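Student: this is a predicted model, with the sequence first.
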Amino acid sequence: MSSSKKKSSSPIVNLVAGGTAGLFEALCCHPLDTIKVRMQIYKRQAVAAPVGEAAVAGAGGAAHSIPLEVKPPGFIKTGKNIYSQEGFLALYKGLGAVVIGIIPKMAIRFSSYEFYRTLLADKNTGVVSTGNTFIAGVGAGVTEAVLVVNPMEVVKIRLQAQHLSANHNPGAKPKYTNAVQAGYTIIKEEGISALYRGVSLTAARQATNQGANFTVYSKLREYLQDYHGTKDLPSWETSFIGLISGAIGPFSNAPLDTIKTRLQKDKSVSGTKQSGWKQIMTIGTQLLKEEGFRALYKGITPRVMRVAPGQAVTFTVYEFVRKHLETLGIFNKSAPKPKPLN
């Protein structure tokens, strides 16, 4: 199996095009990410329902009740609850952390992908096999997770989930007010290592995401280019193949994402001796025991709705901006020579 040979863009072109694409993705899709996080951290609740007159006074004057389980709200209801209880802007909580990290994230993603892809290309033909395309995507996912994504998500999740804390007073000023202040507070109180809580899970998630994402996207793009007989695809086709490639990852790593969110939303227990993987196993086991297997896939609907169109936006904007930057030749080592006048 082979993949088409493609000339790598300038790292600065990847920076500008990737950053612009990421910014558009965040602005369009962040509300779905907020809903996803709320669904993942919501725990089933047991409430006491009175049983007839026995609820008023049982033996010894004690009230009796039957515990009733309240199921977590679904995707639409979660979104409505956020909007009605906290306002429209609450859907964009944590956006600052995403925007601050989006340019280096996308720059690292596309630049590292092109770097790994070049290393893995056939020395004679320059062709990159499908398997090596996947490996390059995995490498890009791990690289962006360690350098940018995990710290950014810890801050984002704290901002999105703080009102659900047991110590939260509805009338009190929120502990975290913006991304910069939240990051500073987390580092001051818990140390910089707190920003890397769950990094192994984030790396695993990003690796599978980007491995599948780049492989499917590149193969579909190659097929359409051969079909049309041109390298330039219409924007709607780029969006379509980005949508398909972006939908694959979430189904394969949803349990990792759910456990990661639970791990990152709270402080470490004071005095705990548990290692990172021990905490991961503890959270996963507790989740299965208390809430069942389906809890591992909490938020899968908004996550697919977030990631799939997000990738469609990302690839479409990235290809558009990169094409125009390369045409202008501003960041190239040598700009294209002008055509001679007739």
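Tutor: Received the coordinates, thanks. Numbering: from 1, shown residues only.
Student: give me the neighbour count for Thr261.
Tutor: Other residues near Thr261 number 24, with proximity taken as other Cβ atoms under 10 Å. Heads up, the C-betas are built off the backbone N, CA and C, glycines and all.
Student: what pLDDT does Trp277 get?
Tutor: The model reports Trp277 with a pLDDT of 71.
Student: any idea whether Tyr176 is helix, strand or coil?
Tutor: coil (DSSP: H, G, I helix; E, B strand; the rest coil).
Student: same check, this time on Asn124
Tutor: Note that with three-state DSSP, the state of Asn124 is coil.
Student: how many other residues sit next to it?
Tutor: Other residues near Asn124 come to 6 when the count uses other Cβ under 10 Å.
Student: just the one 4 residues further on next, same as before
Tutor: The local packing count at Val128 equals 23, with neighbours defined by other Cβ under 10 Å.
Student: touching, Glu144 and Ser112? I think so.
Tutor: Yes. Proximity of Glu144 to Ser112 meets the contact threshold set by Cβ atoms under 8 Å, at 7.0 Å.
Student: who has more neighbours out of those two?
Tutor: Glu144 (29 against 21).
Student: can you verify that one is assigned to a helix?
Tutor: Yes. Judged by three-state DSSP, Glu144 forms part of a helix.
Student: for Asn150, see how far away it is.
Tutor: Applying Cβ to Cβ, to the nearest Å, the value for Glu144 to Asn150 is 9 Å.
Student: so where is the stretch 151-300 of the chain shaky, pLDDT-wise?
Tutor: Low-confidence segments of the stretch 151-300 of the chain (pLDDT under 70): 164-172, 266-276.
Student: now with 80?
Tutor: Flagging of the stretch 151-300 of the chain using pLDDT under 80 yields the residue ranges 160-173, 249, 251-254, 256-257, 260-280, 298-299.
Student: strands of the protein, residue ranges please.
Tutor: With DSSP state E as the criterion, the chain has strands at 45-50, 65-70.
Student: what sits against Pro255?
Tutor: 284, 296-297 (Cβ atoms under 8 Å, 6 or more residues apart in numbering).
Student: again, but for Tyr297
Tutor: Tyr297 touches 254-255, 258, counting by Cβ under 8 Å, 6+ apart.
Student: try Ala90
Tutor: 34, 82-83.
Student: just the buried members of those?
Tutor: Neighbour-count burial (16 or more other Cβ atoms under 10 Å) applied to the contacts of Ala90 gives 34, 82.
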